[in-house]
Structure formats: structure tokens, C-alpha cells
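>>> Test case, fold it:
(one chain, ligands or ions: 1)
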Amino acid sequence: MSHNGEETLITVLNTDGQRLTPCLPHRAVREVERSRAVWIDEQTIQLLYNPFLFRDYRKAALKRDRYTCLWCGRHATTVDHIIPSSKGGSYLPQNLLASCSECNTKRGNRPAFSYLKENIHSVPKLMKLCWRIVRAIVVK
Ligand SMILES: [Zn+2]
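Okay, the predicted model is just below:
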């Protein structure tokens with residue numbers, strides 16, 4: 001399969017078992033590490049979420065937060081996971097915050113409250129953000 005040095009693509013199944021666009025092995029490994037997919041066999045993963053719904057959730061979260069970064073108040077184009085997906089945080093809107101790419105990158109995988117402590121003076125709506133974080137942690 002990979003005689004010419006190209007990586008073998010991994011078959012991707014959605015939650016209903018339908019085939020989606022195949023992906024590269026490192027991508028499949030990452031999805032499984034983030035508890036977003038499981039291995040069916042060594043060439044196939046099955047997603048535990050609906051990627052189309054995921055895209056809608058991101059859009060919904062950005063719209064809900066009026067495309068404003070909740071960390072700094074600037075224009076937001078990305079969503080930040082309150083509980084990082086690498087730590088099992090969900091892709092549901094209650095775990096997402098509108099975030100500018102700078103804040104998103106700066107925070108990385110750090111817990112939301114420790115990043116909040118460092119940036120407490122630049123957060124425009126502190127109570128709103130605290131409430132969001134608490135709710136995401138409690139509800140999960
Ligand atoms: Zn920001």
C-alpha cells in the first residue's frame with residue numbers, strides 16, 4: 001500500500017458507521033487521543049461525534065458571544081475549549097468560548113481558571129466569563 005513512501009490513509013466512519021473522507025494516520029491518532037474517536041481496526045477509526053454538528057456548534061458559540069473574545073474583548077475568529085479537548089472537554093457549545101486566535105494560542109491547554117488569573121485585568125466581562133467556566137466545569 002505504501003511502497004512509494006506515501007502514508008496509508010485511515011478510513012473514517014461517522015457515528016452511524018458511514019464512511020467519511022479518509023484521513024492521515026497522525027490525524028486519526030490525535031482524534032483517538034482526544035477521546036473523539038475509537039479504533040475499529042488498525043486501518044479504521046469511528047468518530048464519537050458528528051463533525052458537521054461540531055462545525056455548527058463552533059459557529060453557534062461565536063455567534064452567541066457576538067464574535068468577541070471573552071478573554072480580551074477583541075474580535076474573535078476561533079473557539080476556545082473551556083475544558084481542553086485533550087482533557088476530555090466536550091465539543092458542545094457550553095464548553096466553547098469565542099476567542100481571538102492570540103488568546104487561544106497563549107492559553108493552550110492550561111486550565112481556564114489559571115489563565116483567567118493571569119489575565120484578570122484584561123477580561124471585559126469578568127462575571128460572565130467566570131460563570132461560563134464554572135458552568136462548563138460543573139455540567140461537563
Ligand atoms: Zn483575545
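>>> Every contact and neighbour count from this point should use C-alpha atoms.
Noted.
>>> what about residue 114, how many residues close to it?
Residue 114 has 11 neighbours, counted by other Cα atoms under 10 Å.
>>> State the distance from the residue nearest to residue 125 when sequence neighbours are not counted to residue 123.
Once flanking residues are discounted, residue 125 sits nearest to residue 70: 7.3 Å by Cα to Cα, 6 or more residues apart in numbering. Distance of residue 70 to residue 123, given as Cα to Cα, to the nearest Å: 7 Å.
>>> Would you agree the residue nearest to residue 125 is in contact with residue 97?
Yes: if you go by Cα atoms under 8 Å, residue 70 and residue 97 touch, sitting 6.7 Å apart.
>>> could you pull out the strands for this protein?
11-13, 37-41, 44-47, 78-81, 96-99 (DSSP state E).
>>> So for the ion, which of these sits nearest?
strand 96-99 (5.4 Å; Cα to the ion).
>>> Partner strands of that closest one, with direction?
Next to strand 96-99 in the sheet, as set by DSSP bridges, lie strand 78-81 (antiparallel).
>>> Check what contacts the partner strand and list those residues.
With contacts defined as Cα atoms under 8 Å, 6 or more residues apart in numbering, strand 78-81 is touched by 58, 61-62, 89-91, 95-101, 104.
>>> Pass me the low-pLDDT residue ranges in this structure, would you?
Scanning the chain for pLDDT under 70 picks out 1-6, 140.
>>> Also within reach of the ion: list those from the contacts of strand 78-81.
Subset of those in contact with the ion: residue 100, counting by Cα under 5 Å from the ion.
>>> Just to check, residue 39 is in contact with residue 46?
Yes: using Cα under 8 Å, residue 39 makes contact with residue 46 at a distance of 6.4 Å.
>>> These two: which has the busier surroundings?
residue 46 (24 against 15).
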